[in-house]
Structure formats: structure tokens, C-alpha cells
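Student: sequence? don't have it. structure:
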């Protein structure tokens, strides 16, 4: 079986880690694969020494043209409704076509791809646009699309995600599946296959001995960590509210607490000002991007996830594998992982007092924390990456029948 994978993400995140896991396992099982990804992207860099073919392109879509593309799609439903073909704006005489110089659909015909697997929403848009430029009447290469976001209904999404070339949408959580049901024409095209984790890799290597010192973490401190991009959706500013609440509660007097925000993003400057203005600098640090994020999760005594509308939660899976207790927002697909009072605590997303109270329980009750870790490790075994990839491979075969 020959499979074309398309990813348009530039930076490294949980979704890109899942794509790499899938490529690596499918290669072991003998599939021929080509990865189409953004030039200079983190995924392209990590694929350089891998055995599969990697094709890099300059950009997946020109965003200024997106409105024109949508307007034309509205006038001529063919590109999205399967009733003909529509060339994207720029193909008309006298206009330049700035789409990337690959056509996943015609490439599928030329190279003999059996499937196209799109790994994000823009990748799906690109694949459908490329397909629209292929010769009408030819058999289209079937598409499998992975949905890693909780989507809000919209007319364009309704058209795009219901395209007849799409055989299946892989939803990584029940929350993602429910959001897709609200606007897709054929709910039977939805299937639940969660993200996975390499349990052997994540849990085998101990964190480097120098890690605490290099991040300024006192040896006797109880380490509370938050990991993720410094964006509004991840709400790192809310994490700092929790930090302040825990310090006011007097927990720092019982045992030294230290807090670490791991990640990079557009809110970094705002967060640094908050730390400075609130006098948190002695006990709270921003690490920026670090390749040691997984090791820091393993080193931590508690992971706090403040993100809202999280599709599932790769960081939470890593914490489960590392046997680090978790307090998370009761939002999105996190409930597929965190069973309140059994594998961790779920707090109301806007209630800082509730977050702080659950953190205090874990800080004060180590027996409870250990019980959470035991249950969480049992839970995460169901998300083993090999089993997940086998489910995807079975879906590939099903879509070929």
C-alpha cells in the first residue's frame, strides 16, 4: 500500500508528534509512504534521516486568497460537492498560480498512491484544491482526514468536511467526534481513534541528573509544572493565577513550592510582566522552548493543564506515563483521559479557587497522588501507540475495500 501524508504545520506540537509516530510504525510494517510538509517545518527536519520520501513545499495555501477561493466555491459547488471541477483563483489566463508545486491528487495517480491521509484542516483544504485541478472523469484517490481540534460549525466547514472524496474522518476524542457531528453530512464517516503514546520511550529514560539545577529548581521543592504553547487557548496566565492562590494559601510555608511554565509563544512578554509585577520571580520561572519538556514532566510532582477545548491532551498522556499527578480543566476531550477522583482531578475552567483546592489535596496527600498515578498508568496503557497505529492501518485497509 502506498500512502501520501500531508501536514501543513510549521512548529512542533502534539499533532506533529502523532504524525511522526504513525509514519515510523507504518514504515516498520512495510507501507510505502510520502510525506508532503511545509518547507523548514519541525516535521520536515525530523523526517530528514527517515526512510520515507519527504517532499517540502513553500506554503500550503495563500491566506489572502482564501476568501476568493471560498467565494468561488460558493458559486460553483463542484470543488466541494463533487459535481465537477473548479480551478482555484490564479489559474485563469493572466494570473499567476502561487499554490505549491505539488498536486496530491494527480501525484496519487502518477505514483500509484492508494490513499491520501491529511493531518490537519489546511492539509485537507489543500488536498481538495489539488484534486479539483486534476482531470475530471479520473478516479480520485480516497482521502482519510484526522481531526485534532474541536471545531465550531460553519458553512465552509460543512462543505469541506462533507466532500465525497473523504472516506473517513479520524476523531481523536469523543469531544472532537461530537463537534464534527454538528456539521458533517454523513456521521457514519466519523471514527474514533485516539492519539497514542510510546509508553516504552516515555517511561524508560530517567530525567538527567542536572535538570533541576539547570532550571533553577531547588532540590527539596515540590515542583508544579505547566507545559504547552504560550497561547490564549492554553491559558498560561490562568496558571499564574493558580500559582498566586497557592502561595497565598500558605502551602509554600509547609513545603517549598516551585513553579515552571514550559513552552514558547506570543504571550511570553505578558507572562514575564505578570511574574515580575506580582513578585513571583523567586518561585516561578518561564523555561521557553526546551527539548527536555518530557523529562521535566517526569521530574515534576504535579502537572496542571489549564487549556480549554483541548482535543485530548498529549501532555496529560505524557504525565500519566511518567506517573505525575494531574489537575486539568474540565473541558474538551480531556475527560477521555482524566477520570475525576480516579486518574486525576478535573476543575471548572474559570474557577481558580477550585484548581488551587485540588492542587492542595495532591500536595498534602501523597497517598492520594500515588493512587492517581497507579490508576492513570493503567488507563494510559489503552493508548499505546502501536495499538493506535494498528487501528489506523486497519482503517486504511477498510477504505481500500
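Tutor: Good, I have the coordinates. Fair warning: this is a prediction, and the values are worked out from it, not measured in the lab.
Student: tell me the SS of residue 168?
Tutor: strand (DSSP: H, G, I helix; E, B strand; the rest coil).
Student: Show me the helices in the stretch 301-401 of the chain, by range?
Tutor: 314-322, 352-364, 366-380, 385-400 (DSSP state H, counting those that start in this stretch).
Student: meant to ask about the stretch 1-150 of the chain, not that
Tutor: 14-28, 42-47, 66-75, 78-81, 104-111, 121-132.
Student: which of the ones you listed has the lowest average pLDDT?
Tutor: Ranked on mean pLDDT, the bottom entry among the helices of the stretch 1-150 of the chain is helix 78-81, at a mean of 40.
Student: Now for residue 327: which residues touch it?
Tutor: Neighbouring residues of residue 327 by CB atoms under 8 Å, 6 or more residues apart in numbering: 302-305, 344-345, 347, 355, 358-359, 362. In short, each C-beta sits where N, CA and C put it, glycine included.
Student: same thing but 7 Å
Tutor: With contacts defined as CB atoms under 7 Å, 6 or more residues apart in numbering, residue 327 is in contact with 302, 304, 344-345, 347, 355, 358-359, 362.
Student: again with residue 389
Tutor: 21-22, 25-26, 196.
Student: quick one: which of those has the most company?
Tutor: residue 196 (26 neighbours; other CB atoms under 10 Å).
Student: Can you pull the phi and psi angles for that residue?
Tutor: Dihedral pair for residue 196: phi -120, psi 170, per degrees, to the nearest 10.
Student: quick one: low-confidence parts of the protein?
Tutor: For the chain, the stretches with pLDDT under 70 are 59-111, 134-139, 153, 202-205.
Student: Please name the nearest non-neighbouring residue to residue 146.
Tutor: Spatial nearest neighbour of residue 146, excluding adjacent residues (CB to CB, 6 or more residues apart in numbering): residue 170 at 4.4 Å.
Student: Which parts of the stretch 51-200 of the chain are strands?
Tutor: 53-57, 115-118, 143-147, 166-171, 190-192 (DSSP state E, counting those that start in this stretch).
Student: Adding mean neighbour count as columns, could you present these in a markdown table?
Tutor: Listed next are the strands of the stretch 51-200 of the chain as a markdown table, based on neighbours: other CB atoms under 10 Å:
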| stretch | mean neighbour count |
| --- | --- |
| strand 53-57 | 16 |
| strand 115-118 | 26 |
| strand 143-147 | 25 |
| strand 166-171 | 22 |
| strand 190-192 | 16 |
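Student: Distance to residue 277 added to these, as TSV?
Tutor: As requested, the strands of the stretch 51-200 of the chain are exported to TSV (distance: least, CB to CB, whole Å):
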stretch	distance to residue 277
strand 53-57	43
strand 115-118	44
strand 143-147	40
strand 166-171	42
strand 190-192	44
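Student: doesn't residue 9 make contact with residue 123?
Tutor: No: under the criterion of CB atoms under 7 Å, residue 123 makes no contact with residue 9, lying 8.4 Å away.
Student: the more surrounded of those two?
Tutor: With neighbours defined as other CB under 10 Å, residue 123 and residue 9 compare such that residue 123 has more, 26 against 20.
Student: Tell me the spacing between the more buried one and residue 144.
Tutor: Per CB to CB, to the nearest Å, residue 123 is found 11 Å from residue 144.
Student: Ok, residue 342 next?
Tutor: For residue 342, the distance to residue 144 - CB to CB - is 33 Å.
Student: try residue 53
Tutor: Taking CB to CB, one finds residue 53 at 19 Å from residue 144.
Student: show me the contacts for residue 237.
Tutor: Per CB under 7 Å, 6+ apart, neighbours of residue 237: 267, 270-271, 274.
Student: SS state for it?
Tutor: Assignment for residue 237 (three-state DSSP): helix.
Student: And residue 232, by the same measure?
Tutor: coil.
Student: How about it, nearest residue that isn't a chain neighbour?
Tutor: residue 267 (7.1 Å).
Student: Wait, that neighbour touches residue 230, no?
Tutor: Yes: counting by CB under 7 Å, residue 267 does reach residue 230; the two are 4.3 Å apart.
Student: of those two, who's got more company?
Tutor: residue 230 (23 against 20).
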